[in-house]
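**Student:** please find the sequence and the predicted model below.
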Number of protein chains: 4
Amino acid sequence: MSDLTELRDGMRRFTEERDWARFHDPKSLALALVGEVGEVAELLQWLPADEARKRLTSEPLASRIGEELSDVLLYLVRLADVVEVDLFEAATRKLASSENRFDADEFRSRAPEKS
Amino acid sequence: MSDLTELRDGMRRFTEERDWARFHDPKSLALALVGEVGEVAELLQWLPADEARKRLTSEPLASRIGEELSDVLLYLVRLADVVEVDLFEAATRKLASSENRFDADEFRSRAPEKS
Amino acid sequence: MSDLTELRDGMRRFTEERDWARFHDPKSLALALVGEVGEVAELLQWLPADEARKRLTSEPLASRIGEELSDVLLYLVRLADVVEVDLFEAATRKLASSENRFDADEFRSRAPEKS
Amino acid sequence: MSDLTELRDGMRRFTEERDWARFHDPKSLALALVGEVGEVAELLQWLPADEARKRLTSEPLASRIGEELSDVLLYLVRLADVVEVDLFEAATRKLASSENRFDADEFRSRAPEKS
């Protein structure tokens, strides 16, 4: 079984055992996702940009960022499940579409402008 | 190869082919993640809570939510790669930890209070 | 002196007294804003949609939401100051522009579609 | 009349003229706020940290950031109104509380640790 399927099933079981599906409508899960992304942001906010990577790959931040990114993933997987999105299939397709949209030569070393 | 590893490698290749690693410091990627979560939020914001799931599992929203959730996943996978987090391993551990923290009987049908 | 000017000056003084201006580049402040919005989201996430307003206008949530919305405002005011935006002037103009863009008759009772 | 009161009244009138109050429950407004914060993030995400301020205070970004921060403020003001928070009063109190919590000497030049 694949990673994302395993996490999806784990979150399903976790939810069912607590009878929490009643709380898991899409808007509530989206807010939960936002809450977890907020915790990632709080962890990074005051790090100097050019030291952030180094600090985040050393303790104590390495464990913290691993947990916060996990929380984001778990709610993302749960939200995708509730709205019946196959995340791996959708993300694979999206990546292929971005590869077409941002031609490697045209966009080399140049951040895509926000349109 | 697992799903998340495949997406990670896909994002690495996509980034390298465009020489975009220079833009992918943790704070920039976190902001990109926020931007994509913002698009998920915009898609859901005005849906009536009790119709959201039905609307999101029918077209045209079904395709849209699939794309937006994919964008969130792709930046999450990329950010995890840059800070050297093994997302599957970390999320599996986090889920196990939540299973311990929220006892199934104690928390049945009761949303965890924000502490 | 106006409200927003007073809060801006209060945040300036708060920042200067702690010599924190060094941390207040736009990307860091944007992440701090995201962190605070995440706290608002966490407070609301599991409330039933149709009871949210009632719950948030009674204690203990009334005080909590007031604090979290304040944190969002304070970082927003600080970020605007750092990028030299006059928030009141800009918001007044934006509201006038939305009034033109969303004709009251055309959009009556109809949420604007996400384009 | 104060700035924030004027914006609150402007948003009330804007909402009433379109009969949009039906969409403005707290969770929906919180998601709308997240959507606008996402647009701020997208504008900043790929700017080099040490050039961000300069770029954002020159056109074309100066106008763009003014609009995006305005959108955040307008939804924040609207959400506060719906949950009956007096934003100016609450933010003034919160700032005073932060001044007590972060002693100027103890925290000089030192970012508060995320606890």
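**Tutor:** That came in fine, so what should we check first? Numbers count the residues shown, from 1 in each chain, chains lettered A, B, ... in the order given.
**Student:** give me the residue from chain A nearest chain C.
**Tutor:** Scanning chain A for proximity to chain C using C-beta to the nearest C-beta identifies A:Gly38 as nearest, at 1.4 Å. C-beta coordinates here come from the backbone N, C-alpha and C atoms, glycine included.
**Student:** just checking, that residue touches C:Ala32?
**Tutor:** No. In this structure, A:Gly38 is not within contact of C:Ala32 by C-beta atoms under 8 Å, at 10.0 Å.
**Student:** of the two, which one has the most company?
**Tutor:** A:Gly38 (28 against 25; other C-beta atoms under 10 Å in any protein chain shown).
**Student:** which residues of chain A fall in helices?
**Tutor:** Secondary structure of chain A (DSSP state H): helices at A:3-18, A:26-44, A:52-56, A:61-82, A:87-101.
**Student:** can I get the ones you listed in CSV with mean pLDDT and distance to D:Asp50?
**Tutor:** Below are the helices of chain A laid out as CSV (pLDDT from 0 to 100; distance: least, C-beta to C-beta, whole Å):
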stretch, mean pLDDT, distance to D:Asp50
helix A:3-18, 96, 37
helix A:26-44, 98, 16
helix A:52-56, 97, 13
helix A:61-82, 98, 22
helix A:87-101, 95, 28
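**Student:** reformat the ones you listed as a markdown table; add distance to C:Leu87.
**Tutor:** As requested, those are exported to a markdown table (distance: least, C-beta to C-beta, whole Å):
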| stretch | distance to C:Leu87 |
| --- | --- |
| helix A:3-18 | 40 |
| helix A:26-44 | 21 |
| helix A:52-56 | 28 |
| helix A:61-82 | 30 |
| helix A:87-101 | 35 |
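**Student:** residues of chain A that sit close to chain C?
**Tutor:** Residues of chain A lying near chain C by C-beta under 8 Å from any C-beta of the partner chain: A:23, A:25, A:27-28, A:31-32, A:34-39, A:41-42, A:44-46, A:49.
**Student:** name the nearest residue to the residue sitting nearest the centre point of chain A, sequence neighbours excluded.
**Tutor:** Most central in chain A under C-alpha atoms, centre = their mean is A:Leu73, positioned 4.3 Å from the mean C-alpha point. Spatial nearest neighbour of A:Leu73, chain neighbours left out: B:Ala91 (4.8 Å); criterion: C-beta to C-beta, 6 or more residues apart in numbering or on different chains.
**Student:** distance of the one you found from chain D?
**Tutor:** As for B:Ala91, its distance to chain D is 21 Å (criterion: C-beta to the nearest C-beta, to the nearest Å).
**Student:** contacting residues for that residue?
**Tutor:** A:Leu7, A:Ser70, A:Leu73, A:Leu74 (C-beta atoms under 8 Å, 6 or more residues apart in numbering or on different chains).
**Student:** go on, A:Asp81?
**Tutor:** If you count contacts by C-beta under 8 Å, 6+ apart, then A:Asp81 has A:Arg8, A:Met11, A:Arg12 around it.
**Student:** buried subset of the residues you listed, written for ChimeraX?
**Tutor:** Here is the ChimeraX command that picks out the buried ones among those, judged by 16 or more other C-beta atoms under 10 Å in any protein chain shown:
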select /A:8,11
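**Student:** tell me which of the contacts of A:Asp81 is nearest to chain D?
**Tutor:** A:Met11 (21.2 Å).
**Student:** now do A:Glu113, the pLDDT please.
**Tutor:** On pLDDT, A:Glu113 comes in at 63.
**Student:** please apply the same query to A:Phe107.
**Tutor:** So A:Phe107 comes in at 82 (pLDDT).
**Student:** show me what contacts A:Glu17?
**Tutor:** B:Ala104.
**Student:** and it, how close does it get to A:His24?
**Tutor:** Distance, A:Glu17 to A:His24, using C-beta to C-beta, to the nearest Å: 13 Å.
**Student:** which one of the contacts of A:Asp81 sits closest to chain B?
**Tutor:** Closest to chain B out of these is A:Met11 (7.1 Å), distances taken as C-beta to the nearest C-beta.
**Student:** state the distance from the closest one to A:Val82.
**Tutor:** Counting by C-beta to C-beta, the gap from A:Met11 to A:Val82 is 10 Å.
**Student:** and the closest residue in space to A:Ala30 that isn't next to it in sequence, how many neighbours?
**Tutor:** On the basis of C-beta to C-beta, 6+ apart, the spatially nearest residue to A:Ala30 that is not a chain neighbour turns out to be B:Leu44, at 5.3 Å. Neighbour count for B:Leu44, taken as other C-beta under 10 Å: 29.
**Student:** spell out which parts of chain A neighbour chain D.
**Tutor:** Applying C-beta under 8 Å from any C-beta, one finds that chain A approaches chain D through A:27-28, A:30-31, A:34, A:42-43, A:46, A:49-50, A:111-112, A:114.
**Student:** can I get the residues you listed in TSV including neighbour count?
**Tutor:** Formatted as TSV, the residues of chain A next to chain D follow (neighbours: other C-beta atoms under 10 Å in any protein chain shown):
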residue	neighbour count
A:Lys27	26
A:Ser28	24
A:Ala30	29
A:Leu31	25
A:Val34	31
A:Glu42	20
A:Leu43	23
A:Trp46	20
A:Ala49	18
A:Asp50	12
A:Ala111	15
A:Pro112	13
A:Lys114	13
